[in-house]
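Student: Build me a model:
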Amino acid sequence: MSSVWVWRIIEYEPAEASQRDPLAGVDPTGFEVDAADGHIGKVDEATNEAGRGLLVVDTGFWTFGKKRMIPTTLVQSVEPEERRIVLSASKDQVKQAPDYDEVRRDEEQYRDDVEAHYR
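Tutor: This is a model prediction of the structure:
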C-alpha cells in the first residue's frame, strides 16, 4: 500500500502585522466617519503615532459642533476610495466621550482618559 502526501501551503500573517495602525499609509483628513450604527462626522486631523494613533472627528451639529478624539484602535475598516472610516464604537459611545481639548491633546493623562472611555 502506498501513501500519497499532500502539501498545503498555509499563508500566515505575523502577529505584529495584525497590530499595525489601520491607517498606515493613508491620510484620513476629510474622510467621512461612521460609527457602528451610523454617520458621526468627518476627520479634522489625525496622528499616526506607533501604537497610539488618534483621530480628531468634527461631529458637526450632531453634538452641537463639538469634536471628539477617537483612538485608531477603534477603526474597523478604512475605505480609501469612498474616503470613509468605519468605527467599532457606537454613536452613543462617541457622543458620551470626553470633549476634545486641543490644549491637552498631547498630555498622557488626557489620552489615557479618552482611551479608557472606549474600553
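Student: contacts and neighbour counts: CA atoms only from here.
Tutor: Will do.
Student: which residues sit against stretch 98-117?
Tutor: Around stretch 98-117, the neighbours that count as contacts under Cα atoms under 8 Å, 6 or more residues apart in numbering are 56, 66-71, 97.
Student: okay, how far is it across that stretch, tip to tip?
Tutor: Start and end residues of stretch 98-117 are separated by 8 Å (Cα to Cα, to the nearest Å).
Student: Which positions in that stretch come out as buried?
Tutor: Within stretch 98-117, the residues that count as buried by 16 or more other Cα atoms under 10 Å are 98, 100, 111, 114-115.
Student: ok, of those, which one's closest to residue 22?
Tutor: Of all these, residue 22 sits closest to residue 115, with 16.6 Å by Cα to Cα.
Student: Tell me the pLDDT of residue 60.
Tutor: The predicted local distance difference test score for residue 60 is 82.
Student: Strands of the protein, start to end?
Tutor: Counting by DSSP state E, one finds strands in the chain at the ranges 32-35, 38-47, 54-58, 67-71, 75-79, 84-87.
Student: Turn the ones you listed into a markdown table, including distance to residue 24 and mean neighbour count.
Tutor: Converted to a markdown table, the strands of the chain look like this (distance: least, Cα to Cα, whole Å; neighbours: other Cα atoms under 10 Å):
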| stretch | distance to residue 24 | mean neighbour count |
| --- | --- | --- |
| strand 32-35 | 17 | 22 |
| strand 38-47 | 11 | 19 |
| strand 54-58 | 12 | 23 |
| strand 67-71 | 14 | 24 |
| strand 75-79 | 10 | 16 |
| strand 84-87 | 13 | 21 |
